[in-house]
Each structure stands twice: as structure tokens, then as C-alpha cells.
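Student: Next come a sequence and a model predicted from it.
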There are 2 protein chains.
Amino acid sequence: MSEDGTDDRTAHLVERMFSGDRVALARLMTLVENRAAELPALMSRVYPRTGGAHVIGITGPPGAGKSTLTDRLTARFRALGKKVGVVAVDPTSPFIGGAVLGDRIRMQSHFLDPGVFIRSLASRGSHGGVARATRDVIRLLDAYGSDVVLVETVGVGQTELDVMRLADTTIVVLVPEAGDAVQVMKAGLLEIADLFVVNKADREGAERMKSELMQMLHLRPASTWSIPVLLTQAAADVGVDEVLRALEAHRGLGQADPERARLRRERRADDLIDLLDEELRRRLAVGLDEGADGLARMMDAVRGGTLDPYTAALRILDDARTLSALLMRPREQ
Amino acid sequence: MSEDGTDDRTAHLVERMFSGDRVALARLMTLVENRAAELPALMSRVYPRTGGAHVIGITGPPGAGKSTLTDRLTARFRALGKKVGVVAVDPTSPFIGGAVLGDRIRMQSHFLDPGVFIRSLASRGSHGGVARATRDVIRLLDAYGSDVVLVETVGVGQTELDVMRLADTTIVVLVPEAGDAVQVMKAGLLEIADLFVVNKADREGAERMKSELMQMLHLRPASTWSIPVLLTQAAADVGVDEVLRALEAHRGLGQADPERARLRRERRADDLIDLLDEELRRRLAVGLDEGADGLARMMDAVRGGTLDPYTAALRILDDARTLSALLMRPREQ
């Protein structure tokens, strides 16, 4: 075990990842996805190498064609000689297992390309765990030397909105039949979009949806970036070049924007709170489960319903000795 | 301030709520939604009165007709003389504000009915905050004496799946054009559904979607509950009685199911961890922001990007005195 808490094996994995070893990268991603206790130590080694990648979020309702667009953009970036990372955030599907990833087959051509690294993250667990794992996987891909990291969500909900906050540029993909623009607004997508794509634009209603979106965008406060609404048929590779150009234009702008600089500052402070909170939550769960400091009887009462969790929480928070026993345990050496 | 940490005014609000005061209920909901520090004390008073309501979750992609179905079910339950609570979980829409709630106008007839209480929860913030606020708002409605609590989400993603875990019975609402059944599986909806509703069933593809869903359901392990797939046209009030019957049948079953009893036990333990974690996270955020115990310089370095958050987290976790100063601060009396 080295001084900073990573064991030598992990430190070695990080070094191998820096030198371009894909197997090492995959193993580090597994550590990150499992939220291993050594995660802060691992990531503190990785962090100094981050900041070079353009992180592009791709979200929208199921069936909008996000995977296809991701595939097309990957091909474009590869043609430009760029190294690409792809993160697909999929919900858990415990009894179907890997089967739902079948449509990743579309990405199959890229699997054999050493310039592309693809990772599916199951969005198991709650409490912000998915967004945290995604954040750290993006950073691994960034430190690995990816020029572009594409982050695709399957669902569209609060967690997916959180994931999109990790992106430098966010694409919201819709289809003409996805409902009217009001549904988009209701799903919170209007606030996060840097770029709208109306995919499957050969279908009826595409132009109507585009003009509805543009009308809604006029309600936004004036900004240095005017959000484009682009029509694509990703499956037929139509309109993808325009998406690429808009991505580049948005990136060029983003670096200088003072509002984005402020958000970056706040995000770093939030990251610190998240990391501390994650470790404390881990200690809480372990300590309560083991019945630390005589808590076993209290936990039985809570599980059995004879003591409500609110009253139990108050008792623990009011008892400095118990709280300290739960939280201040020395880290395992 | 009384012994358990609620101030007298809050204790008084709780008493008024128990006696049927809607204004008191609304104020308590605001305290809960704002995650007031006195929340555990407040909820420990409320909790003993909970357990009587049938909590019904309604989720599915935007535009599927969830609000309309909620409206129709509310009318049915009212006709049966039942007291109904409705919680609508809406994503934040900071610059549009309340406008997106315009479609709640559909629920307008119920707003004037003293037997119905409707609350919209903005899903602002992350870190499980929405699911927590929703859980506590459901409990307030339960303790208020609601026979049924309908919980409707706008989006469909990880947070929405978490919210649905709070329900005794979950309805997944789809429309024929929502894509094929594989999309449903991808969005994680198959695992949480106790009941599928294919709404707008007069449209093309409804029967096909129904048979696809039923085929997928055959892949599930055998269970005491066979998940029905019902066709509705909620706007025309067609098929709603069948939904109601399925809800009642599922409820009758749910009480006795040993698997559900086990989940309830685990959920109570999780609730306790959540409550403790929420308070500790609050203390962390305040302490770091105020630069407790000389942390101000470290926070500046983190915000400015000269110290990465992972290294900062390790330093704090390794320093028992600082950690203690952050977490063990006495509660304000």
C-alpha cells in the first residue's frame, strides 16, 4: 500500500492506462463503477491528466435514435483522427441482464477499432451513484487521452439530467412523434440542451416540431450561444455533418464563457462534498449493518417497524459517541 | 422548542393536519420539500399515523397520458367515497417556472373537492433529494387520512424508478407509438411494473404492443401476481374500470406477500441511512462553505482547480480532527 491509499497494483494499473493499455483502463472502470473504497486515491492520480476531452452528452426519450447518432458521430470523429470514448448509461435490468445491450451491436464496427473505447454503465443503485460513476468513468477516458467522450443515456429523467450536467455540450435528440414541444419542456430537456436534434426527420411532423422548439427557445434569456435545432436521419447518415459543426462551434465558445467558468468552480466544490458524503454513507451503512456501538437492537426495531426511522435518526444524531463510532472509524490500512 | 427538536409551531401544524386542516398539510409539505433541518423531528410525529393509504405509482414516457389517467382514477376513487392524495413529480423548469404545470388544469375539477389534495413537487437538486421529498410527502398524505395516494412522474429515468419503489402498486403507462417493447425493457420499466396500461389504444399498434409486452412478461420468473396488460383510452374514459379492478386485486395480494414484507424491512433500514446521510451532507456543505476548522484555503484551492477534489477528500478523511469538526457540531438548540 502506498502513502496515498492506493495499493501498488492500482497505481500500476493507472500507469499502464496512461501508456494506452485498454485492459488497464477497463479494470479501472470496474473499480470506479463498483465505487471501491480506494476510489478517491485512484482518481487523485488520474485527475491531473484530465481536461483535454470534449465531453458530449446525448439524451432524449427512448427510441429517439440516440445510439444511432452516437454511432454516426463516432465514425465522423474517427475519420478526423480523433480518439473517442463512449459511455452508455443504461438502467439496471436485473432479470434480463445483458440482453438489452443487444442494440450496442450497432456499435460493433467500432469495438474492433483501437481508437474507440466503449463502456456501458448499469444505472443500478440510487443516491446519485450513477451520476458519480459516470463522472469518474468520463475522467478515466479523458486521462486515457480521448479527444471526445460521448455520453449517451437510455432514459430521460432526473438522474439523466444530472448526468448531462457533466457534459461540455449536450445534445437532446427527439423524434417528430415524441409529442409536442410542451412535453420536452415538461421533461426538463429545454434547460439542458445546447443543441436540439430532431431525428427521423423524414417522418411527418418534423418541421412542425422544429418550429415549435424554435419558438420556445425564443423565450429564453439572450445568450452568447443561440441553440440550433437540426434535422437528421441518423440511420441514413443525413444531417450528421451539421451536428458535428454545431458541436465544434459550441466547444469553441464554451472555453471562454464566464458563466461556464463559474459553474466549473462550483462543480469542483460539489465534487468534494459528493466524495466525502459517499465515504461517510459507506461508513454509515457498514456500521449500522454490523450493529456498531450497540446499535444492533435499534436496527432490529427499525427493520421490524417498532421504531420509526426518523426517531432512530434523531437518537443517533443526538448521541455524539455513537455518531463518532459510526463515522470516525480509522480507515483500514 | 419541544424536547424532540420540533418547535411548538411545527408540532401545532402536525396536530392541525391530523384534524384535517389542509392549510397545515400544505405548510408541512413545504417544510418537507425544502428539507428543513427539523424534518426528522417533524416526521417522527407523523410516522405513527401512516400505513393506511394505498400508494399507487404512475410512470411512463412523456406524452403517454399519465396525467389524464391520474385524473380519471381520482374521479373513480372519489365516486367510491375515498379520500385521494395526488403527488406529481415534475422536473425543474427554472426559466419557464410554473407554466409547465398548465396541464394540471385538467385536474381543476378536483382542486375544489375537499376530498382531494394535489401537490406538485419540483424535482430540483439531485443526490436522491427528489425521491426523499416524495417519500415524505406521501407519508404526510397518508397520515392526513388519504385512502389512496397517486404518485405521477413526468419523466422516466433512474430517479423516477426510485420514486416508483415508494409505491405499493406501480402502473406503467405506454402508448402504441412509444417504440417497441424492447425500448420499455431498456428504460428499466419492465422490472417495476405491477400493471401495464397501453393508453390511446384506439391508435394503430396497440394490440401489437400488448402482445409484445405479454411475451416479454413470460420471461419473468413465476410469481403469485400475473402482471396484466390493459388497453385504455383515458381521455374517452374507456378501460379505466379495468385498471381500478387490477389495482384493488394487486393491493389485496400485496399485504400478504413475504417478498414484499422483506422489502419493507430493508426499506426501513435504508430510510434510516438516508436520513442520517442527509443530515451529515448538510453539515458537510455548511462546514465546508464556512471554511470550518481552517478549511477555507483548501476550498479556494479546490474551486480554483489547483487542488483536485479527490486529494482534498483524502486529506479531510485522513484528518480525524477536521472531520470531527465538520460532522460533530452540536445541533442548534
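Tutor: All right, it came through fine. Numbering: from 1, shown residues only, chains lettered A, B, ... in the order given.
Student: Is the residue nearest to A:Thr59 when sequence neighbours are not counted bridged to anything, and to what?
Tutor: Closest residue in space to A:Thr59, ignoring its immediate chain neighbours: A:Thr153 at 4.7 Å, by Cβ to Cβ, 6 or more residues apart in numbering or on different chains. Backbone N, C-alpha and C define where each C-beta goes, glycine included. Residues in a beta bridge with A:Thr153, per DSSP bridges, are A:Val89.
Student: Contacts only, for A:Thr153.
Tutor: A:57-59, A:66, A:89, A:160, A:163-164, B:157 (Cβ atoms under 8 Å, 6 or more residues apart in numbering or on different chains).
Student: Out of the residues you listed, name the ones that lie in helices.
Tutor: Mapping the contacts of A:Thr153 onto helices (DSSP state H) picks out A:66, A:160, A:163-164.
Student: Which strand or helix spans the residue nearest to A:Met298 when sequence neighbours are not counted?
Tutor: Once flanking residues are discounted, A:Met298 sits nearest to A:Ala312: 5.8 Å by Cβ to Cβ, 6+ apart. A:Ala312 belongs to helix A:309-317 when assigned by DSSP states H and E.
Student: repeat for A:Glu15
Tutor: Going by DSSP H and E, A:Glu15 is part of helix A:8-18.
Student: and that helix, average pLDDT?
Tutor: For helix A:8-18, mean pLDDT rounds to 93.
Student: Need the contact partners of it.
Tutor: A:1-2, A:6, A:23-25, A:27-28, A:31, A:38, A:41-42, A:45-46, A:49, A:140, A:143-144.
Student: mind running it again at 10 Å?
Tutor: Residues from elsewhere that reach helix A:8-18 (Cβ atoms under 10 Å, 6 or more residues apart in numbering or on different chains): A:1-2, A:4, A:6-7, A:21-29, A:31, A:36, A:38-39, A:41-43, A:45-46, A:49, A:140, A:143-145.
Student: per-residue confidence for the residue lying closest to A:Thr232 once chain neighbours are set aside?
Tutor: Excluding the flanking residues, the one nearest A:Thr232 by Cβ to Cβ, 6+ apart is A:Gly239, at 3.5 Å. With respect to pLDDT, A:Gly239 scores 97.
Student: Neighbours of A:Gly239, how many?
Tutor: Residues lying near A:Gly239 (other Cβ atoms under 10 Å in any protein chain shown) number 19.
Student: list the buried ones in the one helix or strand A:Gly252 maps to?
Tutor: Using DSSP H and E, A:Gly252 sits in helix A:240-254. Going by neighbour count (16 or more other Cβ atoms under 10 Å in any protein chain shown), the buried part of helix A:240-254 is A:240, A:243-244, A:246-247, A:250-251, A:254.
Student: quick one: which two of those are the most distant?
Tutor: Farthest apart among the buried residues of helix A:240-254 by Cβ to Cβ are A:Val240 and A:Gly254. That separation is 20.9 Å.
Student: What are the boundaries of the strands in the stretch 1-150 of chain A?
Tutor: For the stretch 1-150 of chain A, applying DSSP state E, counting those that start in this stretch gives strands covering A:54-59, A:84-90, A:116-122, A:148-153.
Student: Name the helix or strand of chain A that has the lowest mean pLDDT.
Tutor: Taking mean pLDDT, DSSP states H and E as the measure, helix A:181-186 is the helix or strand of chain A with the lowest mean score, a mean of 69.
Student: Can you tell me the number of residues neighbouring the spatially closest residue to A:Leu280 that is not a sequence neighbour?
Tutor: Sequence neighbours aside, B:Leu280 is the residue nearest to A:Leu280 in space, at 5.4 Å (criterion: Cβ to Cβ, 6+ apart). The number of residues packed around B:Leu280, counting by other Cβ under 10 Å, is 22.
Student: quick check: angle from the helix or strand encompassing B:Leu280 to helix B:240-254?
Tutor: B:Leu280 is part of helix B:258-289, with elements assigned from DSSP H and E. Orientation of helix B:258-289 against helix B:240-254 (axes from the mean of the first three to the mean of the last three Cα atoms, to 10 degrees) gives an angle of 90 degrees.
Student: Could you give me the buried positions within helix B:258-289?
Tutor: Taking 16+ other Cβ under 10 Å as the criterion, helix B:258-289 shows B:268-281, B:283-285, B:287-288 as buried.
Student: now do stretch A:312-321
Tutor: A:312-314, A:316-317.
Student: Not counting sequence-adjacent ones, nearest residue to A:His110?
Tutor: A:Val116 (4.2 Å).
Student: which ones are touching the one you found?
Tutor: A:74-75, A:77-78, A:82-86, A:107, A:109-110, A:146, A:148, A:150.
Student: now the helices for the stretch 1-150 of chain A?
Tutor: Ranges of helices within the stretch 1-150 of chain A are A:8-18, A:22-33, A:39-46, A:66-79, A:108-111, A:129-143, based on DSSP state H, counting those that start in this stretch.
Student: what is the rounded mean pLDDT of the fifth one?
Tutor: Looking back up the chat, that one is helix A:108-111. 72.
Student: Now do it: distance to the chain's middle.
Tutor: 22 Å (Cα atoms, centre = their mean, to the nearest Å).
Student: Likewise for stretch A:54-71?
Tutor: 13 Å.
Student: mind listing what's buried in that stretch?
Tutor: Going by 16+ other Cβ under 10 Å, stretch A:54-71 has these buried residues: A:54-71.
Student: list the helices and strands the helix or strand containing A:Ser211 packs on?
Tutor: Element membership for A:Ser211, per DSSP H and E: helix A:206-217. Packing contacts for helix A:206-217, counted by 3 or more Cβ pairs under 10 Å, 6 or more residues apart in numbering or on different chains; DSSP states H and E, involve strand A:169-174, helix A:181-186, helix A:189-192, strand A:195-198, strand A:229-231.
Student: Of the ones you listed, which is nearest chain B?
Tutor: helix A:181-186 (4.1 Å; Cβ to the nearest Cβ).
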